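Q: Sequence and computational prediction follow.
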Amino acid sequence: MHALKTYSALAIALAIGGCAPAAKTTDADAPPAPDTATHSTRSQTAEAAQSPPPHGKRAAPPPGEVLSPFMGFKGGGEGWRIELFNTERYDHRTTLTWGNGAQRAEGMLTYQPTPDGSLERKVLEGPLNVAGTGKDTTVELVEDDCTGGDGITHDHTVIVTVSGMGPMRGCGDLAI
């Protein structure tokens with residue numbers, strides 16, 4: 001009879017969504033619980049360090065390493081255009097066209113942080129391949145309103161200086 005009452009109570013508890021009562025055990029009977037919190041944290045940290053950042057995001061640089069403050073830039077002036085695209089940390093793949101597209105130069109420019117840490121002026125330097133020859137190039141992006149020849153106001157003034165050529169001045173915008 002006692003077994004029937006226990007069985008009936010268990011059936012009713014399960015029918016109404018309850019749980020069966022836990023079996024009584026002592027701490028001495030239970031195996032030690034694994035240290036899952038420490039293991040998963042170490043595992044997650046190792047996975048995060050090895051996996052690439054999500055699309056459109058950059059991984060944090062190692063301590064002391066410079067990280068470019070922008071992902072890209074597009075701009076230009078009368079008869080010329082420049083595009084910068086951040087490829088890794090502080091390097092930017094650069095394409096410069098001038099002569100209304102008749103001349104083209106490509107290369108990798110490196111972001112140079114300002115001594116005071118200001119982001120109002122961004123400078124990139126490096127060689128651009130001009131007609132098979134590496135030419136020292138400096139690109140300066142200055143944060144200020146700049147109205148282009150098309151009448152559109154842009155966020156930055158851009159000044160491009162390529163060795164052996166006169167400076168090119170125009171307007172453009174950072175890629176976000």
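A: Great, that's in hand.
Q: which of the residues in stretch 103-111 are buried?
A: Buried residues in stretch 103-111, defined by neighbour count with 16 or more other Cβ atoms under 10 Å: 105, 107, 109, 111. Bear in mind the C-beta positions are built from the backbone N, C-alpha and C, glycine included.
Q: Max pairwise distance over those residues: which two?
A: A105 and Y111 (18.4 Å; Cβ to Cβ).
Q: Just give the nearest non-adjacent residue to T87, would you?
A: Excluding its sequence neighbours, the residue lying closest to T87 (Cβ to Cβ, 6 or more residues apart in numbering) is R93, at 5.2 Å.
Q: Mind listing the residues bridging to the one you found?
A: Applying DSSP bridges to R93 gives these bridge partners: F85, M108.
Q: Same check on the one 5 residues further on?
A: When assigned by DSSP bridges, W98 has beta-bridge partners Q103.
Q: Help me confirm that it comes into contact with M168.
A: Yes. With contact defined as Cβ atoms under 8 Å, W98 and M168 form a contacting pair (6.9 Å).
Q: Mind listing the shared neighbours of the two?
A: Jointly contacting W98 and M168 under the rule Cβ atoms under 8 Å, 6 or more residues apart in numbering are W80.
Q: Pull up the pairing partners for the biggest strand by length in the chain, direction included.
A: Looking across the chain with DSSP state E, the single longest strand is strand 133-147. When pairs are called by DSSP bridges, strand 133-147 turns out to pair with strand 121-130 (antiparallel), strand 153-162 (antiparallel).
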